[in-house]
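A.B. asks: no FASTA, just this:
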């Protein structure tokens, strides 16, 4: 196998985690909408936690992309 082909396969494998990131972000905001619909008074408490969770999940996506770019161009 050539090095270029191995790099492409490795970068593709590195971004598999982005599927889980998409599902995680969807779950976070679905739960946010559900919890605010049940108790609108708790919106300020729940919304901050949702944004923290979103930031942590999005960091996983950025790490996966950085690894993919390092494999491709490193």
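C.D. replies: Alright, I've got the coordinates. Since the structure is predicted, the reported quantities are computational estimates derived from the model, not experimental observations.

A.B. asks: centroid residue for the chain?
C.D. replies: Central residue of the chain (CA atoms, centre = their mean): residue 21, 3.0 Å from the mean position.

A.B. asks: what helix or strand is residue 23 on?
C.D. replies: Take DSSP states H and E as the rule and residue 23 turns out to sit in helix 17-38.

A.B. asks: next SSE after that helix?
C.D. replies: helix 43-73.

A.B. asks: so where's this structure shaky on pLDDT?
C.D. replies: Applying pLDDT under 70 to the chain picks out no residues at all.

A.B. asks: now residue 32: closest residue in space that isn't a chain neighbour?
C.D. replies: Nearest residue to residue 32 in three dimensions, chain neighbours excluded: residue 50, at 4.2 Å (CB to CB, 6 or more residues apart in numbering). C-beta coordinates here come from the backbone N, C-alpha and C atoms, glycine included.

A.B. asks: can you get me a residue count around that neighbour?
C.D. replies: A total of 18 residues lie near residue 50 under the criterion other CB atoms under 10 Å.

A.B. asks: what sits against the closest residue in space to residue 31 that isn't next to it in sequence?
C.D. replies: Using CB to CB, 6+ apart and skipping the chain neighbours, the partner closest in space to residue 31 is residue 50 (7.6 Å). Residues counted as contacts of residue 50 (CB atoms under 8 Å, 6 or more residues apart in numbering) are 28-29, 31-32.
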